[in-house]
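Asker: Sequence first, predicted model second:
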Amino acid sequence: MDNSSSMEWREKLVQRLRAGGVLHDGRIADALLHTPRELFVPRFAAAHGLEAVYEDEAIVSKWDEGGRAISSSSQPAMMVMMIEAVGVRSGERILEIGAGTGYNAAILAHVVGTAGTVISVELDEDLALGAAEALASMGSLARVVVGDGYPGWPDDAPYDAVIATACVTVPPRSWHDQTTPSARVIAPMSFSGPGFGPQLVVAFDRDASGFVSRAVIPAGFVLMRHSTEEQPCGEWISAPGSSGAGQAPDQGGGAEASAPPPRPHAWRPAGMRIVVRYDGSVAPGASSFRRVGEATVSVIPGR
């Protein structure tokens, strides 16, 4: 495959992302320029050519027996937005949940540099092998491990940031326990139950009790597949003190007022926050909340 042609397409991708107001960080731009995407999607590249490889589109890399996409190389614009939103810095230790093709891990490894570490956990052994081979072929220092990323990866903890590339209903407590006090976590979240309804990519700052959002991006991702038992997911409840307030089932007494599922595109105003707590508390100022296993997800509306 012609390397000069590949570089030309990488330059065009970077130009498009900058022109679209998506790409601002020069380190990420440099990573995109130095990472041949075709190495990570070789069959797609052979079938469709470099122009298609460098379109700003997700590329499905694996389907299940029913024809449903279960792994992909994420849309470059979404990759950039997530890395910028979580604020990946040079020298940091990053945990990626879902290696997929390995392309995102390569970008992350370039951004953190030789002083940093990227551990990418992949459930499927065949995907992990392909990602590891592609990363090795370009000399990337990102490391791919086979495992269930939902419980995290304690062997190399603590991490400065966790980046999930598949949708969850809530960041599990394990991601909180395996991160530093000032860590950030970003993950696509479903707001209508496991695998259904609207999704938001939420970037969180960690605190002692859980996570508080720093950025929210409407998006769509494949669902996270894991071997961990699915946590029970409660209905949305109007928070005490909010309009039409009700009580959570475990607070006892009074009528329960079910809140409709949150509308992601209505959450763009400044000031909107999503708060995750593992101590059972509802965030002050929340309009609605729900329980997902041991976690409580609260929505504080924007103004």
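Answerer: Yep, that arrived.
Asker: what sits up against the lengthiest helix in the chain?
Answerer: Looking across the chain with DSSP state H, the single longest helix is helix 3-19. Here helix 3-19 makes contact (C-beta atoms under 8 Å, 6 or more residues apart in numbering) with 23-24, 29, 32-33, 35-38, 50-51, 53-54, 56, 76-77, 80. Every C-beta, even on glycine, is put in place using the N, C-alpha and C of the backbone.
Asker: What mean pLDDT does it get?
Answerer: Averaged across helix 3-19, the pLDDT comes to 92.
Asker: Ok, stretch 212-229 next?
Answerer: The average pLDDT for stretch 212-229 rounds to 67.
Asker: Need the CA coordinates for the lengthiest strand in the chain. PDB is fine.
Answerer: Counting by DSSP state E, the longest strand found in the chain is strand 179-190. The C-alpha coordinates for strand 179-190 follow below in PDB (Å, rounded to 0.1, in the frame of the first residue of the first chain):
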ATOM      1  CA  THR A 179      -8.400   5.100  39.400                       C
ATOM      2  CA  THR A 180      -6.400   7.900  41.100                       C
ATOM      3  CA  PRO A 181      -8.200  10.500  43.200                       C
ATOM      4  CA  SER A 182      -8.000  13.100  40.300                       C
ATOM      5  CA  ALA A 183      -8.900  10.600  37.500                       C
ATOM      6  CA  ARG A 184     -11.300  11.100  34.700                       C
ATOM      7  CA  VAL A 185     -13.600   8.500  33.100                       C
ATOM      8  CA  ILE A 186     -15.500   8.700  29.800                       C
ATOM      9  CA  ALA A 187     -18.100   6.200  28.600                       C
ATOM     10  CA  PRO A 188     -21.100   5.900  26.400                       C
ATOM     11  CA  MET A 189     -24.200   5.500  28.600                       C
ATOM     12  CA  SER A 190     -27.700   4.200  27.800                       C
END
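Asker: Let me see the ranges of the strands in the stretch 101-250 of the chain.
Answerer: Along the stretch 101-250 of the chain, counting by DSSP state E, counting those that start in this stretch, strands occupy 117-122, 143-146, 159-164, 179-190, 199-207, 210-218, 237-238.
Asker: right, and the helix or strand after the longest helix of the chain?
Answerer: helix 26-33 (DSSP states H and E).
Asker: List of residues touching that following helix?
Answerer: Helix 26-33 is contacted from outside by 7, 10-11, 13-14, 17-18, 23, 76, 80, 83-84, 90, 106-108, 110-111, using C-beta under 8 Å, 6+ apart.
Asker: in the longest helix of the chain, what's buried?
Answerer: Buried residues in helix 3-19, counting neighbours by 16 or more other C-beta atoms under 10 Å, are found at 6, 9-10, 13-14, 16-17.
Asker: Arrange those residues in JSON lines, one row each, with distance to Phe191 as further columns.
Answerer: Shown next, in JSON lines, are the buried residues of helix 3-19 (distance: C-beta to C-beta, whole Å):
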{"residue": "Ser6", "distance to Phe191": "39"}
{"residue": "Trp9", "distance to Phe191": "36"}
{"residue": "Arg10", "distance to Phe191": "35"}
{"residue": "Leu13", "distance to Phe191": "31"}
{"residue": "Val14", "distance to Phe191": "33"}
{"residue": "Arg16", "distance to Phe191": "30"}
{"residue": "Leu17", "distance to Phe191": "27"}
